[in-house]
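S.K.: quick check, what structure comes out for this input:
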Amino acid sequence: MIAKWFNQERWSDRAARLKDEYVQGRVRLVEPTLALYEVANAIRRNPQLNDQDAREACLAAANLLRGAIETPSPEEASAILVLARSLELTYYDASYVHLAQKHRISFVSADHELVAKASKAVRAIHLKDL
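M.R.: Take a look at the predicted model:
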């Protein structure tokens with residue numbers, strides 16, 4: 001979903017609204033360490049961005065996510081694995097769901113299947129519904 005802040009895709013307008021609320025402090029954002037790598041890779045693959053624009057987008061993403069990134073403890077890493085298996089998710093996706101559980105916040109994604117699976121464990125919202 002965060003990649004939509006930098007790449008024009010379906011529901012990018014809703015993602016931009018969420019970013020604005022996050023920047024203004026009205027919405028809390030918690031992301032696993034891997035979020036920056038996923039966003040930076042989406043930026044890298046965007047053919048609409050030249051090298052300079054991609055570098056600037058990556059820098060902006062790193063700055064925006066600085067206060068939102070959280071690394072799991074060893075115990076949490078194990079709990080994420082249990083969650084991944086129980087919800088039939090990748091470990092990567094389960095790390096996002098785990099953070100939503102841990103912080104008692106909503107999970108937001110643009111992936112229909114992921115929202116459906118995550119909704120078994122947390123309040124899950126599809127980006128289009130924001």
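S.K.: when you work out contacts or count neighbours from here on, use the C-alpha atoms and nothing else.
M.R.: OK.
S.K.: how far away is Thr90 from Gln8?
M.R.: Per C-alpha to C-alpha, to the nearest Å, Thr90 is found 26 Å from Gln8.
S.K.: okay, strands next: where are they in the chain?
M.R.: Under the criterion DSSP state E, the chain contains strands at 31-32, 69-70, 107-109, 124-126.
S.K.: now render the ones you listed as TSV, adding distance to Ala94, mean neighbour count and mean pLDDT.
M.R.: Shown next, in TSV, are the strands of the chain (distance: least, C-alpha to C-alpha, whole Å; neighbours: other C-alpha atoms under 10 Å; pLDDT from 0 to 100):
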stretch	distance to Ala94	mean neighbour count	mean pLDDT
strand 31-32	10	21	96
strand 69-70	14	16	96
strand 107-109	11	22	97
strand 124-126	13	19	97
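S.K.: which of those sits closest to Ala3?
M.R.: Comparing those against Ala3 with C-alpha to C-alpha, the closest turns out to be strand 107-109 (11.1 Å).
S.K.: and Met1, how many residues sit next to it?
M.R.: 22 (other C-alpha atoms under 10 Å).
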